[in-house]
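Chemist: mind folding the following:
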Amino acid sequence: MDPRQLTALLESVAEGQTTPQQALARLRHMPYEDLSFARLDHHRALRHGFPEVIYCEGKTDSQVLAIVSRMLKAKQTILATRANEALARKVRRLARRAKYHPLSRCIVVSSGRRTKPIGGVLVLSAGTSDIPVAEEAAVTAETLGSKVRTLYDVGVAGLHRLLSHRNLLVEARVLVVVAGMDGALPSVVGGLTDKPIVAVPTSVGYGASFRGIAPLLTMLNSCAPGVAVVNIDNGFGAGVLAHRINAGGGRHP
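Modeler: Numbering: from 1, shown residues only. As a prediction, the model looks like this:
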């Protein structure tokens, strides 16, 4: 239940349209619902502005579906990360409006309430192989309520590809820059814009990249100011941080 739903429920009780007992029934799982294998945090939207997000890796399909079912009853927007197509098909049986994003491996089930996207997040990837992580960031920020644009395969091996789109760097309020290999792109972008940058190292690269350690260290040692770094392959974390910066406080509109 998000702040708008809670406000509407309280107003309904005040106007006599909903009895206190009915309201209590809707609130009985606050602050969390114990599913034995998970404790579903129904208060997350009140604290963070967005419901709890489901990380699917390590969970069985039945566990994910049980969580989705409870969140649907609470009329919450659902974002499930690191999911596969087979799981997405099962989720669609519970919610026909569920949408699967194959590149990001995200499932999104909208609550049905439409709001105008805010601000502007630009997600860049150094290479095509970095796109899955970049897409996770883009889908996350968009689902949270940000207006998102993407610019892919603009790494330092061909810098002219980035420079031909400098207008997008200027127009964005916050940038997410995703790179593997040498991880140099965030520093380059940081030298071209005064906007905050969320850098995401990926595990893309040959042996000496150490599955993302090399780009992670490069980004942490960036000489460009205004660059913050999230964990390796953490597109979700980057998308959340970018949205909160873009929203000026993090609340879902």
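Chemist: only C-alpha atoms for contact and neighbour calcs from this point on.
Modeler: OK.
Chemist: give the burial count for Leu192, as a bare number.
Modeler: Leu192 is flanked by 14 other residues according to other C-alpha atoms under 10 Å.
Chemist: just the element for it, please.
Modeler: Under the criterion DSSP states H and E, no helix or strand holds Leu192.
Chemist: how about the contacts made by it?
Modeler: Applying C-alpha atoms under 8 Å, 6 or more residues apart in numbering, we find Leu192 in contact with Leu169.
Chemist: before we move on, what about Thr140?
Modeler: So Thr140 contacts 79, 236, 239-240 (C-alpha under 8 Å, 6+ apart).
Chemist: out of these, give me the one that has the most neighbours.
Modeler: Greatest neighbour count in these, by other C-alpha under 10 Å, goes to Gly239: 29 neighbours.
Chemist: what about that one, distance to Gly155?
Modeler: 20 Å (C-alpha to C-alpha, to the nearest Å).
Chemist: how about Ile54?
Modeler: Counting by C-alpha to C-alpha - Ile54 and Gly155 are separated by 31 Å.
Chemist: include distance to Ser69, pLDDT and secondary structure when you put the contacts of Thr140 into a markdown table, please.
Modeler: Formatted as a markdown table, the contacts of Thr140 follow (distance: C-alpha to C-alpha, whole Å; pLDDT from 0 to 100; DSSP: H, G, I helix; E, B strand; the rest coil):
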| residue | distance to Ser69 | pLDDT | secondary structure |
| --- | --- | --- | --- |
| Leu79 | 13 | 95 | strand |
| Phe236 | 22 | 97 | helix |
| Gly239 | 25 | 97 | helix |
| Val240 | 24 | 95 | helix |
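Chemist: doesn't Glu11 fall inside a helix?
Modeler: Yes: Glu11: assigned to a helix according to DSSP: H, G, I helix; E, B strand; the rest coil.
Chemist: which stretches of the protein have low pLDDT?
Modeler: 1-6, 24-34, 40, 42-43, 46, 249-253 (pLDDT under 70).
Chemist: mind listing the strands for it?
Modeler: In the chain, the segments counted as strands under DSSP state E are 32-34, 39-41, 54-55, 78-81, 99-101, 106-109, 118-125, 146-151, 174-179, 197-201, 227-229.
Chemist: neighbouring strands - and their directions - for the fourth one?
Modeler: So the one you mean is strand 78-81. As defined by DSSP bridges, the strand partners of strand 78-81 come to strand 54-55 (parallel), strand 106-109 (antiparallel).
Chemist: please identify the deepest-packed of the ones you listed.
Modeler: Of all the strands paired with strand 78-81, strand 106-109 carries the top mean neighbour count, a mean of 24, counting by mean count of other C-alpha atoms under 10 Å.
Chemist: contacting residues around that one?
Modeler: Taking C-alpha under 8 Å, 6+ apart as the rule, strand 106-109 contacts 77-83, 88, 95, 97-101, 136, 139, 143.
Chemist: rerun that using 10 Å as the cut-off
Modeler: 54-56, 68, 71-72, 75-85, 87-89, 91-92, 95-101, 135-136, 139-140, 143, 236 (C-alpha atoms under 10 Å, 6 or more residues apart in numbering).
Chemist: show the buried residues in those residues.
Modeler: The neighbour count (16 or more other C-alpha atoms under 10 Å) marks 54, 56, 68, 71-72, 75-84, 87-89, 91, 98-101, 135-136, 139-140, 143, 236 as buried among the contacts of strand 106-109.
Chemist: list the contacts for Gly226?
Modeler: 186-187, 190-191, 193-198.
Chemist: export the strands of the chain to CSV and append columns for distance to Arg244.
Modeler: CSV is the format used below for these (distance: least, C-alpha to C-alpha, whole Å):
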stretch, distance to Arg244
strand 32-34, 24
strand 39-41, 20
strand 54-55, 19
strand 78-81, 16
strand 99-101, 22
strand 106-109, 19
strand 118-125, 10
strand 146-151, 9
strand 174-179, 10
strand 197-201, 11
strand 227-229, 13
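Chemist: fine, thanks again, bye for now.
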